[in-house]
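K.L.:
Sequence and predicted structure are below.
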Amino acid sequence: MTPTLVVVSGPAGTGKTTLAHAVARALGCPAICRDEIKEGLVHANPGFVPAPGDPLTMRTLGLFFDVLGLLVRAGVTVVAEAAFQDRVWRPRLEPLAAHARLRVVRCRADPQVACARVTDRLAHDPRRAAHDDRGWLAASGAGFAPISLPGPALDVDTTDGYRPRLDEIVAFVNGPGTRDH
C-alpha cells in the first residue's frame, strides 16, 4: 500500500501547524513540522539570531526532507507542514511523489488575522525566537508564492475555525480525488 504525504502549506499566521497536528491526530500518523525541527536545532545552539538564509535555516531544510523521505520510503503516511513556497520547496517535494500519494492543503487567513497571530506568538511563545517572524511582519507577508504540485489540492480558510471543516479535510486526504477543490 502507498502512504500518503499530506503537505500543509501557507504563509505565516495561517494556522498551518495547528491544522497539521489536528489532521495527523485524525489520521493516526506523525506530523513533521519544519519550524519544530528548527526550534530543536536552536535549542542546541544558544544565542542563535535568525536571519533569511541563516545556517540553521539551511540545515533545517535538509533535515526536514531527510525525515520526510525516510518516512514515506518506509511506507509511513505523514503530514508535512511548512510554508512551502513554490520555488524553494517544489523541487524537494516532487521526488517524494514517487513514494507517496500527495495531498496538498493550502491554508489561508484574513491578512489582519494572520498578522495578529504572528504578533501574538512573538509576544507569548519564546520558541518563536528561532524564526524571522519580525522580518515577515516588516514585509507584511508580501511575496508568498503558494506551492503548486500536480495532484489534489484543497484550500482551507483558517480565519475563524476551518472552512472546510476538519472532517471534510480528512475526507479529502483519504479520498481518491485527482482534481483541485
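P.N.:
Structure's in. What do you need?
K.L.:
ok, now how distant is E81 from P95?
P.N.:
Distance of E81 to P95, computed by CB to CB, to the nearest Å: 19 Å. Quick note: C-beta positions are derived from backbone N, CA and C, even for glycine.
K.L.:
Of the two, which one has the most company?
P.N.:
E81 (27 against 10; other CB atoms under 10 Å).
K.L.:
check contacts around the residue nearest to the more buried one when sequence neighbours are not counted.
P.N.:
Excluding its sequence neighbours, the residue lying closest to E81 (CB to CB, 6 or more residues apart in numbering) is A20, at 3.6 Å. When the contact criterion is CB atoms under 8 Å, 6 or more residues apart in numbering, the partners of A20 are 6, 8, 31, 33, 79-81.
K.L.:
gap between A20 and C33?
P.N.:
6 Å.
K.L.:
circling back to that earlier point, which SS class is the residue nearest to E81?
P.N.:
On the three-state scheme (DSSP: H, G, I helix; E, B strand; the rest coil), A20 is labelled helix.
K.L.:
And for D155?
P.N.:
Criterion first, three-state DSSP; result for D155: strand.
K.L.:
so where's this structure shaky on pLDDT?
P.N.:
Within the chain, the stretches with pLDDT under 70 are 132-143, 177-181.
K.L.:
can you pull out the helices in it?
P.N.:
All helices of the chain, identified by DSSP state H, fall at 16-27, 34-43, 55-73, 86-93, 111-124, 133-138, 166-174.
K.L.:
between the ones you listed, which one is nearest to D157?
P.N.:
D157 sits nearest to helix 111-124 of all the helices of the chain, at 10.0 Å, using CB to CB.
K.L.:
and the angle from that closest one to helix 16-27?
P.N.:
Counting by axes from the mean of the first three to the mean of the last three CA atoms, to 10 degrees, helix 111-124 lies at 90 degrees to helix 16-27.
K.L.:
Remind me what helix 111-124 packs against, helices and strands.
P.N.:
helix 133-138 (3 or more CB pairs under 8 Å, 6 or more residues apart in numbering; DSSP states H and E).
K.L.:
And for the chain, the residue most distant from the center?
P.N.:
Relative to the mean C-alpha coordinate of the chain, counting by CA atoms, centre = their mean, the farthest residue is G47 (25.6 Å).
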